[in-house]
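Asks: Make a model of this:
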Amino acid sequence: MSDELTSGEVAGQDGIGVPDGFARLWMPHRLAYIKGEGKVPAGREEEDCPFCRAPTLSDEDGLIAARGQLVFTVLNLYPYNAGHLMVLPYRHVADYTELTPGETAELAGHTKNAMTALRAASGAQGFNIGMNMGSVAGAGIAAHLHQHVVPRWGGDTNFMPVVGHTRVLPQLLRDTRKLIADAWVE
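Replies: Residues are numbered from 1 along each chain as shown. Next comes the predicted model:
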């Protein structure tokens, strides 16, 4: 028997693989999200906000696809699909109704540009676009408004996310950011 595990084997306590009929895709980066690592502690929302920090970094390090005057577009660190973007105001604001008319208009424009860039870069066939307002509505970082732009393709809800509770991302985030940034048209 080989020391390497094959598809369908599980490492037991003794290190020997035991066949169980399941193939596994290991996604260790998801554990940080599940554990809540990087979550902004209560009372430190503005000081420790990762969305406020991202624009202070280079586009590559901040995973920023495009910058505007009032908003920017960034890749999601925990994407639902490859190319999952978020459009955010630079200003630390929690509620959509608190946006200025200029921020609202530029957020809408960036959303349209994100869709155009994702179609050009990846052939996206559809999109889920939306905001989760407040933690009770599912916002992971409720203190800083962000709109999701999730590209979709026919068949992307196959057995992996439905049964396996796993998303398969075929590309590194930095490579995805570059493709989208290169396809971005103002």
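Asks: Now do the SS call for the residue lying closest to Glu98 once chain neighbours are set aside.
Replies: Leaving aside its sequence neighbours, Glu98 sits nearest to Leu145 (C-beta to C-beta, 6 or more residues apart in numbering; 7.8 Å). Quick note: C-beta positions are derived from backbone N, CA and C, even for glycine. Secondary structure state of Leu145, per DSSP: H, G, I helix; E, B strand; the rest coil, is coil.
Asks: Relative to Glu60, how far out is Leu145?
Replies: 24 Å (C-beta to C-beta, to the nearest Å).
Asks: Between the two, which is the more surrounded one?
Replies: Counted by other C-beta atoms under 10 Å, Leu145 and Glu60 do not tie: Leu145 has more neighbours, with 27 against 11.
Asks: give me phi/psi at the more buried one?
Replies: Dihedral pair for Leu145: phi -50, psi 140, per degrees, to the nearest 10.
Asks: can you check the one 5 residues further on too?
Replies: Summarising the backbone geometry of Val150 under the convention degrees, to the nearest 10, its torsions are phi -110, psi 110.
Asks: does it really touch Ser122, like I thought?
Replies: No - counting by C-beta atoms under 8 Å, Val150 stays clear of Ser122, with 11.7 Å between them.
Asks: For these two, work out which one has more neighbours and name it.
Replies: When neighbours are counted by other C-beta under 10 Å, Val150 comes out ahead of the other of Val150 and Ser122, with 21 against 18.
Asks: what's the burial count for the nearest residue to that one once chain neighbours are set aside?
Replies: Spatial nearest neighbour of Val150, excluding adjacent residues (C-beta to C-beta, 6+ apart): Asn128 at 4.2 Å. Using other C-beta under 10 Å, Asn128 has 12 neighbouring residues.
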